[in-house]
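using only what follows, build the 3D model:
(2 chains)
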Amino acid sequence: MMLVDKFRSYNIGLKLSLTFISVIIFCSLPLSFLAIGYLGNKLRQHIENSIESAVVSQETELRNLLLFEDYWKAFNKIESLSQIPGISEVLLVGSDYRVIASSKPEEHPVGRYFLNNSYHLRIPIMSYDYPVGYVLYKLDSKYIQDAILPLKLITFGVTFVFILIGTFLGLFISLRITNRLRYIKDMIEKFKTGVIPSKKEFWERDELTELADFLHKNLSSLAQMLSNLNFARNFYESFFNSLQEVVLILDSGGYIYFCNRAIEDYGFSFENLLGRRVGVLLVEPRVRRSIRESVERKNAYTDVVKLRNRNRKESYALLLLKPWEEGFICTLKDITELKMSEEQVKRMELFSMLGEMSAHLAHELKNAMLPLKLLSEVESWNEEDVKVVKTSVERIDRIVSNFFYFTRPINDEKQRFNSVEMIEHILKLYEPLMKKKEVKLYLDIDAFELYTNKTAMEIILSNLLKNAIDAVDKGGTIKLALKRAEGKVLLTVEDNGHGIPEKLLKKVFDPFFSTKRDGTGLGLSTVMRYVQILEGKISVSSQEGKGTSFQVEVKA
Amino acid sequence: MIFLILLFAAFIVWSKEINVGFTAVITREDLKTIREFLNYLSNRTGFNFNPVFAKSYDEMDFFLFSGKVDMAYICGAPFVEGHKRFGYSIVVAPTTSEGPHYYSYVITKKDKPYKSILDFKGKPFAFSDPKSNSGSVAPSYFLLKLGHNPSEFFKPLIYTYSHYESILAVYKGFVEGASVDSIVYEHTSRVAPHLVSSLKVIQRFGPFPSTPIVASNRLDKSTVEAIRKALLEMHRNEEGRKILKSMGISGFTYISPAHYRVISSMIDYIAKSNR
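Presented below is the predicted three-dimensional model:
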């Protein structure tokens, strides 16, 4: 396994060379050994045939030498046989293996008995059908080895040359491959830095060169494209960053993957926001929830939102969320100053209104207290006087209560409640009054869940309904509608009363303004105040003699 | 007419063919020297000499007896027998610097420990020819005198039928030792020094009268005389000396048959012992 792991980590040149060498060794060496072995056997066979034919041709003479024990002639004969190439020793022995002659007399002296050994081959000298002696001989293995040595040297030399060629070929091919691979790698590396090296020509016209050319061509086009894109990106980035508005690009899940530098004004950085939801920038949970829902529904969303500001400043922005491609573009236009100015105007208006209110209140109280002042100068009160005092006190109480009701603070706690239940609750309060005036009530109520300040909603509805009831004559008609559209709740209260003259229409929401004889003039002011608390809008339309319609639009 | 008679006589003389037999006493392989020797004789005598080789002394005896050979260069022992049986006459006998005699050398390889022929007991040993004096009779006589039968003493006793081949047999290690003619041994030491350089003489028997050139009794005396004369004078001229040197001898001399009694007595002893 270690060898395999080692092999895997070798470079392509070494692998190619090793493959070539292995192929050469596994193909060439066995063939070489076979050829050498075959030649050796052939040579051995040839030598054996040579001596056997020599013995056969001289069999008569050898037989006579054996019979006459002519040692010296036998020796000469055997010595001549031993001269056959490839024979190292020849002996002539009798049938009892007594040595008659030996080409190596020192080893096998004449007259001694030959001790059988397997290295000697035997050719019988026959007389009729029985052997009278044998020619024993031994092959000269050194001669055979020497004879095949040139073939061995040539074979191994050729194999070695092939191995060398294989190694060099492997190295050469790998060098050519790695050279081009390195070129491709460099090209890609440089491409990452935006540079494309000049095209390199290679001798080979194979797939690798084609790949290199193909890559060069396409990367060049890509580089050009990237350059254009880069320019565009820089342009748009600069453009985006030069914007005072915060621009956020969100993916389909609502996660930020781009934002411009305007966000830094709020103490955030792009790195802080990357991969996070827009909600991280927003203070109000309601807005966060609304944006989440818009993202889920792929809807656009617009709202004035309070932003988190790490610079510890209170910031407001106009948030626009718009679907774009697969994601969203979200812009945040800072309206803090506008908001501040608005608040200031409101405050000034409030101060002005308070001054006016105080004057009205003082006037109303003075009017209400006038009978008491007159009666205080009378020494004794009759029943009528007491009644006047009582009425005056009640009037003062109502004025103070309404004022108190108008100015009392309310908590801004929100809760969930059903639209139909709220309408039913308010109608139940005014049911006796409507019955008394025989009011025809037309309802167009959608059933849905609201999430807002319930008390404020009830006060708004209650005051508008009370106004409508007061406005209509006996048997008059009131239309009450409650709808939901685009995350907003629309409340419409319409009556067919006398209507409001156009010149007074602008003052209907002013405190202490009333067209009614005994009205405190705080009802619609209260409605306006609560609509503002709910950050909604209220509008009125009226025609004299035909009726009045109030439309309230709040987020809920 | 006289001229014609002389011419005819000369033609007869010139045309006389004499076959000369050569045995193991001379290195038969040295055919060049033999041809030069016979050519020399032809030039000196006017006869035509043809060499005839025999494998053994017995064969040469037969050639002399049958007339195939007119004169032969044989060993002392066959001469003794042939002289007795067929009337061979001595033409000449070779002489060396030491005289007209020679020895029987017992030779072995230089690296062998043998000191005497007696040390070869149970070893392969080579005799040249059963009828050779130096190559068989002398060592057999010596052994028999000491109570050893050569054919049982050596294991085995090998006959090479040539002193030169006995030298070769020792040289090649086929036999442990051999008894050879001292003249052939010395001659071999000159013509084939590489053979003798690895050999040594550990014992010698003799001296014996040298191996004679004998003539068949069919060869007329005048011819024998002419040949003898040519041979006896051979050492006196440059050409003759050169050939003699090649033959390993210094010249020829005449020895009477009586000198060969010593060999005859040895042969008789051996014959008696084998009975």
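
quick check: A:His216 is in a strand.
No: assigned with DSSP: H, G, I helix; E, B strand; the rest coil, A:His216 falls outside any strand and is helix.

count of neighbours near whichever residue of the stretch 451-556 of chain A sits closest to chain B?
Of all residues in the stretch 451-556 of chain A, A:Gly487 sits closest to chain B, at 129.2 Å by C-beta to the nearest C-beta. Using the backbone N, CA and C atoms, a C-beta is placed for each residue, glycine as well. Using other C-beta atoms under 10 Å in any protein chain shown, A:Gly487 is surrounded by 15 other residues.

from A:Ile533, how far out is the nearest residue to it once chain neighbours are set aside?
Using C-beta to C-beta, 6 or more residues apart in numbering or on different chains and skipping residues adjacent in sequence, the residue nearest A:Gly487 is A:Ser290, 6.1 Å away. For A:Ser290, the distance to A:Ile533 equals 19 Å [C-beta to C-beta, to the nearest Å].

go on, B:Leu232?
177 Å.

what does A:Asn418 give?
21 Å.

who has more neighbours out of these two?
A:Ile533 (17 against 12).

would you confirm that the more buried one contacts A:Ala456?
Yes: using C-beta atoms under 8 Å, A:Ile533 is in contact with A:Ala456, at 5.6 Å.

show me the shaky parts of the chain.
You didn't pick a chain, so chain A it is. Low-confidence segments of chain A, defined by pLDDT under 70, span residues A:1, A:116-118, A:312, A:350, A:353-354, A:356-357, A:402, A:405-412, A:512, A:516-520.

my question was about chain B, not that one.
Looking along chain B with the criterion set at pLDDT under 70, you get B:1-15, B:24-29.

tell me the residues of it that contact chain A?
Proximity of chain B to chain A, by C-beta under 8 Å from any C-beta of the partner chain, involves residues B:123-124, B:126, B:155-156, B:158-161, B:165, B:169, B:172-175.

that older thread, let me see the contact set for the residue nearest to A:Gly487.
A:301, A:303, A:487 (C-beta atoms under 8 Å, 6 or more residues apart in numbering or on different chains).

how about these in CSV, adding secondary structure?
Output for these, formatted as CSV (three-state DSSP):
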residue, secondary structure
A:Tyr301, strand
A:Asp303, strand
A:Gly487, coil
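
tell me the residue of the stretch 301-450 of chain A that sits nearest chain B?
For the stretch 301-450 of chain A, C-beta to the nearest C-beta, closest residue to chain B: A:Glu326, 108.5 Å.

SS state for the nearest residue to that residue once chain neighbours are set aside?
Residue nearest to A:Glu326 in three dimensions, not counting chain neighbours: A:Ser252, with 4.8 Å by C-beta to C-beta, 6+ apart. Secondary structure for A:Ser252, judged by three-state DSSP, is coil.

okay, now A:Ser252: neighbour count?
Neighbours around A:Ser252, by other C-beta under 10 Å: 12.

which residues touch A:Thr178?
Per C-beta under 8 Å, 6+ apart, neighbours of A:Thr178: A:11-13.

ramachandran angles for it?
For A:Thr178, the backbone dihedrals are phi -70, psi -30 (criterion: degrees, to the nearest 10).

equivalent analysis for B:Tyr254, please.
phi -100, psi 130.

for the spatially closest residue to it that is not a sequence neighbour, which three-state class applies?
Leaving aside its sequence neighbours, B:Tyr254 sits nearest to B:Val92 (C-beta to C-beta, 6+ apart; 5.8 Å). Using three-state DSSP, the structure places B:Val92 in strand.

tell me what B:Val92 is bridged to.
Counting by DSSP bridges, B:Val92 forms beta bridges with B:Ile213.

quick check: B:Leu232 touching B:Tyr254?
Yes: if you go by C-beta under 8 Å, B:Leu232 and B:Tyr254 touch, sitting 6.9 Å apart.

okay, and the common contacts of those two?
B:Val92.

what packs against the helix or strand that contains A:Ile25?
Assigned by DSSP states H and E, A:Ile25 belongs to helix A:12-57. Judged by 3 or more C-beta pairs under 8 Å, 6 or more residues apart in numbering or on different chains; DSSP states H and E, the packing partners of helix A:12-57 are helix A:71-81, strand A:87-94, strand A:121-127, strand A:130-139, helix A:141-192.

which helix or strand lies directly C-terminal to that helix?
Using DSSP H and E, the first helix or strand after helix A:12-57 is helix A:59-68.

in that next one, which residues are buried?
A:59, A:62-63, A:65-66 (16 or more other C-beta atoms under 10 Å in any protein chain shown).

kindly report the same for stretch A:196-203.
A:Ile196.

what's the span of that stretch from first residue to last?
Counting by C-alpha to C-alpha, to the nearest Å, you get 21 Å between the two ends of stretch A:196-203.

name the residues that touch that stretch?
With C-beta under 8 Å, 6+ apart, stretch A:196-203 has contacts from A:176, A:179-180, A:183, A:186-187, A:190, A:209, A:212-213, A:216, A:219-220, A:223.

write the PyMOL selection for whichever of those are buried.
Remark: buried members of those, expressed as a PyMOL selection using 16+ other C-beta under 10 Å:
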select buried, chain A and resi 176+180+183+187+209+212+216+219+223
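
from the contacts of stretch A:196-203, which is closest to chain B?
A:Arg176 (67.0 Å).
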